[in-house]
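*Asks:* Show me the folded form of this:
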Amino acid sequence: MELAQARQRAIAAASNWTGAVSGDPSNAMGRVDRYFGCDVFSRRVMRQRLPKNIFKRLMNTIAYGEPLDRQVADVVAADMKDWAVENGATHYTHWFQPLTGLTAEKHDSMVEPDGEGGMIYALSGADLCQGEPDASSFPSGGLRVTFEARGYTAWDATSPAFLLRGENTVTLCIPTAFVSWTGAALDQKTPLLRSMDALNTQAMRVLKIFGADEGVRRVFTTVGPEQEYFLIDRNLYFARPDLVACDRTLFGAKPPKGQQLDDHYFGSIPPRVLAFMAAAETEMYRMGIPVKTRHNEVAPGQYEIAPIFENSNVACDHQMVMMETLKRVAPRYGLQAILHEKPFAELNGSGKHNNWSMTTDTGVNLLDPQEETHTNMEFLVFLCAVIRAVDLHGDLLRASIASAGNDHRLGANEAPPAIISIFLGDMLTDIVEQIEQGSFSRTLKGGEMDLGATTLPQIPRDSGDRNRTSPFAFTGNKFEFRAVGSSATSAWPNTVMNTIAAESLDVLATELEQAIGANPSKDRLEKAVRDVLQKTIKAHKRIIFNGDNYSEQWQSEAKKRGLPNLKNSVEATPVLSSEKSVALFGKYKVLSRVEIDSRVHAAMEKYAKQLQIESEAMVLMARQLILPAALQHQGRLAQVVTATQAAGVDCKDQKAALQELVDLIYRFNATLTALAEADNYADEDPLEQARYMKEKVCPLMESLREFGDQLETIVAADLWPIPSYRELLFIK
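*Replies:* Reported below is the predicted structural model:
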């Protein structure tokens with residue numbers, strides 16, 4: 001009863017929350033919108049503060065990958081320190097992204113003794129360029145053992161430093177790579193930067209073939225990752241042990257009203273949520289994150305934020321800061337941000353739509369079809385390279401988004417299936433069909449739409465519709481990889497996309513170079529392009545599918561086409577260790593075999609541990625919360641039956657209800673016992689442990705949840721100990 005009363009108090013507190021929405025400057029929650037400034041050591045700031053020659057040399061490193069001179073680092077460090085101190089910073093940290101999937105930081109003071117009894121602020125070029133965190137407790141996938149602790153962080157000059165503001169603290173965050181003493185990558189950034197170098201090399205070869213490399217010194221990939229997330233009242237969050245421990249609900253009956261009316265999608269944003277969004281966006285703007293869009297998503301309590309495109313490395317760093325900012329700001333408004341892929345059963349989960357393209361340093365988007373697409377040979381080569389890459393390495397793309405959280409989402413009705421395919425749309429599909437026939441003669445046009453009212457403008461119609469069921473869809477001038485998990489780093493999927501695209505560009509460039517020879521003519525080049533593209537499309541057109549990816553027909557059709565269908569992470573992750581993948585990453589110097597094996601090891605270890613935490617949390621909730629409430633309700637019902645019989649009144653229905661409840665509690669308790677016993681298994685091999693958790697533990701968790709959710713619909717509301725979906729999703 002006490003737990004149920006605590007639940008009621010949490011609901012009351014959530015319903016009455018008025019804090020930061022009032023906009024009172026004296027509010028104890030604080031205000032982040034009291035001013036709008038810049039907390040990023042941006043190119044503009046550097047141009048203003050650095051000597052001209054130092055700024056130019058640093059820009060050559062950032063833009064063109066030229067080696068960084070230590071003299072430059074010393075000057076940059078001094079000016080960066082001055083700028084940070086002027087903005088209130090006292091500490092700095094090498095901010096990095098280990099294999100935990102999160103970020104890490106060790107704060108060091110910039111205050112040092114001046115040798116004369118006083119203190120000064122100092123940051124040297126050596127401090128800026130390299131740090132030495134303890135690497136022993138970060139996942140290494142077997143690359144390092146615990147007693148070998150040395151690791152290094154190395155300044156990534158291409159990603160701007162920024163200030164992180166907290167309660168009475170300002171910290172200078174310096175984005176860095178993280179490697180072991182052996183030089184092996186222990187992070188997400190290092191392989192991403194290597195993959196961008198690989199793609200640049202091969203893309204420049206293609207541009208040179210077309211003579212389009214004049215003035216172009218580098219090609220890089222761009223990303224604009226859309227972020228979906230849930231918000232729930234913080235009082236209710238702490239009343240749910242599963243949300244606190246696992247970021248998702250392990251029990252929860254389907255509410256009468258969910259998302260079936262489609263009334264939440266793009267609906268009016270609740271005032272408290274809008275206040276939170278504005279505060280979070282202000283912090284992101286200050287740190288240089290170009291957020292653009294905010295709106296309600298499909299499920300109740302679900303929202304989305306999306307930035308403008310940036311260089312992939314910077315975008316992936318900003319994506320991590322964005323997730324941390326959402327988590328950090330939400331409590332100021334009495335809210336909790338939930339980034340798990342599937343926090344609520346029977347409702348849409350959350351993803352991160354990864355919009356990916358290739359761009360020159362002169363600002364040309366290489367995946368922009370332009371007006372007469374069939375004549376844009378350069379675009380068609382890049383397009384066909386991507387088609388070839390996804391066909392050959394669809395299993396690797398699938399592995400790049402594998403996680404315990406994403407297993408709940410992929411294949412459901414709001415997410416792409418585990419089968420990787422490409423959607424091109426009507427216009428590009430028509431051109432691809434022309435390519436296959438060996439003749440490019442037309443580009444389909446969308447025209448304009450007359451909306452039938454004189455007061456409405458005629459608006460341009462795209463040449464094809466969208467396909468929200470496709471995992472890898474062309475959307476105008478980019479590919480949208482829709483299957484990335486909402487809690488995941490964007491760096492790893494982008495590393496894979498960059499690498500497989502580099503490999504295909506390498507192959508196509510080699511074939512074109514051989515076909516046109518040393519002295520190419522325009523006609524010879526055009527014929528070579530037609531021949532190479534025709535060959536590529538014929539070999540890889542099976543990956544193109546413009547239909548409903550959710551349909552059962554596609555499952556059987558994909559099987560006929562020979563496309564892989566890796567339905568869960570245990571099936572998908574080992575693809576990384578295949579000879580094909582090892583050769584791919586090794587050829588382009590993105591990852592060595594030991595680095596790949598370490599990632600598989602770390603991923604499977606994390607997968608198994610997450611499920612272990614969930615199963616143990618489920619056992620505790622079942623024993624300490626749900627079972628006592630169910631037994632108490634059973635006692636009430638038994639008293640009713642006894643009293644009714646004593647009064648000489650027929651109670652056949654009550655007896656049947658009691659027997660049904662007793663049977664359900666028995667099944668719940670038997671499954672609970674089986675799950676508790678299953679939790680005791682352990683295997684030293686992470687893959688075998690992950691396989692055991694998937695095959696043995698997950699089915700028991702699903703069964704226990706089914707019985708627990710049935711009990712929620714039966715047990716009296718005043719006895720039920722945890723907030724229900726009705727309360728979690730609709731109290732805003």
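
*Asks:* Report all helices and strands that the lengthiest helix in the chain contacts.
*Replies:* Looking across the chain with DSSP state H, the single longest helix is helix 593-621. With contacts taken as 3 or more CB pairs under 8 Å, 6 or more residues apart in numbering; DSSP states H and E, helix 593-621 sits against helix 241-246, helix 404-407, helix 569-572, helix 579-587, helix 652-678, helix 686-692, helix 698-712. The way it works is simple: take the backbone N, C-alpha and C, and place the C-beta from them, glycine included.

*Asks:* Where does pLDDT dip in the protein?
*Replies:* Along the chain, segments meeting pLDDT under 70 span 1-7, 9-37, 135, 142-149, 411-416, 463-464.

*Asks:* same for the longest strand belonging to the chain, what does it pack against?
*Replies:* As assigned by DSSP state E, the longest strand anywhere in the chain is strand 219-233. Applying 3+ CB pairs under 8 Å, 6+ apart, one finds that strand 219-233 contacts helix 189-210, strand 302-307, strand 310-311, helix 312-329, strand 335-338, strand 352-360, helix 491-516, helix 725-730.

*Asks:* Give the pairing partners of it; include direction for each.
*Replies:* Looking at strand 219-233 with DSSP bridges, its partner strands are strand 302-307 (antiparallel), strand 310-311 (antiparallel), strand 335-338 (antiparallel), strand 352-360 (antiparallel).

*Asks:* Now do it against helix 312-329, angle only.
*Replies:* 10 degrees (axes from the mean of the first three to the mean of the last three CA atoms, to 10 degrees).

*Asks:* Can I get the helices and strands packed on strand 219-233 in a markdown table including mean neighbour count and distance to Lys606?
*Replies:* Output for those, formatted as a markdown table (neighbours: other CB atoms under 10 Å; distance: least, CB to CB, whole Å):
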| stretch | mean neighbour count | distance to Lys606 |
| --- | --- | --- |
| helix 189-210 | 22 | 17 |
| strand 302-307 | 22 | 25 |
| strand 310-311 | 20 | 28 |
| helix 312-329 | 23 | 17 |
| strand 335-338 | 24 | 19 |
| strand 352-360 | 24 | 18 |
| helix 491-516 | 23 | 13 |
| helix 725-730 | 21 | 26 |
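
*Asks:* Throw these into CSV and include distance to Pro139, thanks.
*Replies:* CSV is the format used below for these (distance: least, CB to CB, whole Å):
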stretch, distance to Pro139
helix 189-210, 15
strand 302-307, 28
strand 310-311, 27
helix 312-329, 16
strand 335-338, 23
strand 352-360, 21
helix 491-516, 13
helix 725-730, 32
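
*Asks:* For Thr671, which of those is the nearest?
*Replies:* helix 725-730 (21.4 Å; CB to CB).

*Asks:* what does the closest one contact?
*Replies:* Helix 725-730 is contacted from outside by 11, 14, 232-233, 236, 240, 249, 252-258, 299-301, 344, 347, using CB atoms under 8 Å, 6 or more residues apart in numbering.

*Asks:* same question, stretch 105-112
*Replies:* Applying CB under 8 Å, 6+ apart, the contact partners of stretch 105-112 are 81, 84-85, 89-96, 119-123, 127, 131, 133, 171-173.

*Asks:* Give the other helices and strands that the one helix or strand Ala278 maps to contacts.
*Replies:* According to DSSP states H and E, Ala278 maps onto helix 271-286. Judged by 3+ CB pairs under 8 Å, 6+ apart, the packing partners of helix 271-286 are strand 162-166, strand 291-296, strand 302-307, helix 312-329, strand 335-338.

*Asks:* how many degrees apart are that helix and strand 302-307 in direction?
*Replies:* Relative orientation of helix 271-286 versus strand 302-307 (the same axes, to 10 degrees): 20 degrees.

*Asks:* between helix 271-286 and strand 162-166, how big is the angle?
*Replies:* Using the same axes, to 10 degrees: helix 271-286 against strand 162-166 is 140 degrees.

*Asks:* Next, the buried residues of helix 271-286.
*Replies:* 272-273, 275-277, 279-286 (16 or more other CB atoms under 10 Å).

*Asks:* same deal with stretch 599-613?
*Replies:* Using 16+ other CB under 10 Å as the test for burial, stretch 599-613 gives 599-612.

*Asks:* Quick one: these as CSV, columns for distance to Phe668 too.
*Replies:* Converted to CSV, the buried residues of stretch 599-613 look like this (distance: CB to CB, whole Å):
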residue, distance to Phe668
Arg599, 39
Val600, 37
His601, 36
Ala602, 35
Ala603, 33
Met604, 31
Glu605, 31
Lys606, 30
Tyr607, 27
Ala608, 25
Lys609, 26
Gln610, 24
Leu611, 20
Gln612, 21
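
*Asks:* Looking at those, which two lie furthest apart in space?
*Replies:* The farthest-apart pair in the buried residues of stretch 599-613, when distances are taken by CB to CB, is Arg599 and Gln612, at 20.1 Å.

*Asks:* How is the residue sitting furthest away from the middle of the chain assigned, secondary-structure-wise?
*Replies:* Relative to the centre of the chain, the most outlying C-alpha is that of Gly648, 63.5 Å out, by CA atoms, centre = their mean. Recorded secondary structure, Gly648: coil (DSSP: H, G, I helix; E, B strand; the rest coil).

*Asks:* How much space separates it from Thr642?
*Replies:* Here Gly648 is placed at a distance of 12 Å from Thr642 (CB to CB, to the nearest Å).

*Asks:* Out of the buried residues of helix 271-286, which comes closest to Ala315?
*Replies:* Met284 (12.8 Å).

*Asks:* what are the bridge partners for the residue lying closest to that closest one once chain neighbours are set aside, then?
*Replies:* Distances taken as CB to CB, 6 or more residues apart in numbering put Val291 closest to Met284, at 5.1 Å, once the chain neighbours are dropped. Beta-bridge partners recorded for Val291 (DSSP bridges): Pro307.

*Asks:* ok, Val291 - contacts?
*Replies:* 281, 284-285, 305-308, 322.

*Asks:* do the same with Gly125
*Replies:* 70-77.

*Asks:* Of those residues, grab the buried ones for PyMOL.
*Replies:* Selection command for PyMOL covering only the buried members of the contacts of Gly125, criterion 16+ other CB under 10 Å:
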select buried, resi 72+73+74+75+76+77
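
*Asks:* In helices, which of the contacts of Gly125 fall?
*Replies:* Going by DSSP H, the helices hold 70-77 from the contacts of Gly125.

*Asks:* Can you tell me which of the residues you listed is nearest Ser140?
*Replies:* Ala73 (27.9 Å).

*Asks:* before we move on, back to that, now render the strands paired with strand 219-233 as a markdown table, adding distance to Leu525.
*Replies:* Formatted as a markdown table, these follow (distance: least, CB to CB, whole Å):
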| stretch | distance to Leu525 |
| --- | --- |
| strand 302-307 | 38 |
| strand 310-311 | 30 |
| strand 335-338 | 52 |
| strand 352-360 | 20 |
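
*Asks:* I'd like the helices and strands packed on helix 271-286 as CSV, with distance to Gln689 appended.
*Replies:* CSV is the format used below for these (distance: least, CB to CB, whole Å):
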stretch, distance to Gln689
strand 162-166, 36
strand 291-296, 39
strand 302-307, 32
helix 312-329, 28
strand 335-338, 27
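
*Asks:* Ile516: which of these is closest?
*Replies:* helix 312-329 (30.5 Å).

*Asks:* could you say what helices and strands the closest one packs with?
*Replies:* helix 189-210, strand 219-233, helix 271-286, strand 302-307, helix 491-516.

*Asks:* Show me the beta-bridge partners of the closest residue to Ser268 other than its chain neighbours.
*Replies:* Of all residues not flanking Ser268 in the chain, Asn296 sits nearest, at 7.9 Å (CB to CB, 6+ apart). With DSSP bridges as the criterion, Asn296 is bridged to Tyr303.
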